[in-house]
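Asker: No letters, just coordinates:
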């Protein structure tokens, strides 16, 4: 079984927002990846961005610059 680690999880209202955020992060070199939304978080589209917690500032800056509003952002073990 895979070891769970502390991650910053960003949930989105729509799949379009999730995919646009992935594109923005990839173009800026912000680490992370799209994952299925963890059960601990109840949110819209079923996709979430998982990033190292120390990247929170870069994630927030990318959300703002891309004009994307997150539905939820929190740390959890995934």
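Answerer: That came in fine, so what should we check first? These numbers come from a predicted model, not from an experiment. Residues are numbered from 1 along each chain as shown.
Asker: lowest confidence element among the helices and strands of the protein?
Answerer: The weakest-scoring helix or strand in the chain, judged by mean pLDDT, DSSP states H and E, is strand 70-77 (a mean of 94).
Asker: Against residue 44, how distant is the closest residue in space to residue 52 that isn't next to it in sequence?
Answerer: In space, and not counting its chain neighbours, residue 52 is closest to residue 31: 6.1 Å by C-beta to C-beta, 6 or more residues apart in numbering. All C-beta atoms are positioned from the backbone trio N, CA, C, and that covers glycine. Distance, residue 31 to residue 44, by C-beta to C-beta, to the nearest Å: 24 Å.
Asker: now residue 57
Answerer: 24 Å.
Asker: Work out which residue lies at the spatial centre of this structure.
Answerer: Most central in the chain under C-alpha atoms, centre = their mean is residue 49, positioned 2.2 Å from the mean C-alpha point.
Asker: helices or strands next to the helix or strand that contains that residue in the packing?
Answerer: In the assignment (DSSP states H and E), residue 49 maps to strand 47-51. When contacts are defined as 3 or more C-beta pairs under 8 Å, 6 or more residues apart in numbering; DSSP states H and E, strand 47-51 sits against strand 6-12, helix 15-28, strand 33-36.
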